[in-house]
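S.K.: Give me a 3D structure for the following:
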Amino acid sequence: MRFLTGRGVTLTHTFLDDESPLTVPAVSVTVRDAQGQTVYTGAATSSGDEWSAMLPAQPEGVYTAEWQAGQVATDTTAFEVVGGFLFTLPEARRSDMDLADTARFSTAELKHYRNVVTEEFETITARSFVPRTARVEVEADGSPSLYLGHFDVSALKGIDGPSGPVDLAGWSVTSAGFVKAPFELRDGDRYRVAFRYGFALVPEDVKRAALLRLRSVLTAERSGIPDRATAFVAAEGGNFTLATPGRNGYETGIPEVDATLKRYKYGIFYDVFGVAR
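M.R.: Residues are numbered from 1 along each chain as shown. Okay, the predicted model is just below:
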């Protein structure tokens, strides 16, 4: 679940026992940031079996929400606050006449599959096309460098070392995700680094590819082609070979989408540093 910076955050949750909703009298929710600091606590309100809590706008980052229903149940969910989306929901509805049908495709469904497409694009390219903030723990190797494991890093937001918070004066970071310290870091010491990364603006070709992918996952049932098919014969005649995910370099099975994502992969970086793709 992702929310935009500068906006209030509305969380919802339903307590389930497998498929059956649990009936609970009252629910409290506690939200913590990536450092474990509590940023919100309060009572949730109910609408049927669904409980909700409204939070003020939160900074970029990953958060956890603990939903406590007395002695009946305790659930933990996660959400992220980001600096942008691959596309807006109005852009999605304008991209296809079927998606304009709000009765068929609800706002909640479009939001969900926008997250699905966003995470898929980030997994395929190992890059974020929107601004995000992350916190990772890395181990020093005796050099002045730490590798964050993310591309397009734009800023350091904080570092906690073996002795606590680090003064960032003299520290720097490269877009490839290498943190440079003003001195050698003792081998084996662990550092928790908070940083901002991702594209400041979504490239237009990526946005177009994302909208194509959204339509494909939402309207897949219209094709009439079995999920396992790699080829088919059209009723009008002609044999067709399908672009199948996982074969011949295809990731999504949509040639235009896969070609776009391929342009944003750092293939040379992976080959040189031996990072798993």
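
S.K.: CA atoms for contacts and neighbours, from now on please.
M.R.: OK.

S.K.: shouldn't residue 51 be in contact with residue 13?
M.R.: Yes. Look at residue 51 against residue 13 with CA atoms under 8 Å: they come within range, at 5.2 Å.

S.K.: Tell me which of those two has more neighbours.
M.R.: Neighbours were counted for residue 51 and for residue 13 using other CA atoms under 10 Å; residue 51 has more, 20 against 17.

S.K.: Which residues does the helix or strand encompassing that one contact?
M.R.: Assigned by DSSP states H and E, residue 51 belongs to strand 50-55. With CA atoms under 8 Å, 6 or more residues apart in numbering as the contact definition, strand 50-55 has outside contacts at 8-15, 27, 29, 40, 42-46.

S.K.: Filter those residues down to the buried ones.
M.R.: Neighbour counting with 16 or more other CA atoms under 10 Å marks 9, 11, 13-15, 27, 29, 43-44, 46 as buried within these.

S.K.: State the pair within those that is farthest apart.
M.R.: 9 and 15 (19.7 Å; CA to CA).

S.K.: buried set for the host helix or strand of residue 217?
M.R.: Element membership of residue 217, judged by DSSP H and E, is helix 204-218. Buried residues in helix 204-218, counted by 16+ other CA under 10 Å: 206-216.

S.K.: repeat for stretch 144-160
M.R.: For stretch 144-160, burial by neighbour count (16+ other CA under 10 Å) applies to 144-148, 150-156, 159.

S.K.: Just the ones of those residues in strands?
M.R.: 145-147, 153-156, 159 (DSSP state E).

S.K.: Return the set of buried residues in stretch 89-106.
M.R.: In stretch 89-106, residues buried by neighbour count (16+ other CA under 10 Å) are 89, 92-93, 95, 99-100.
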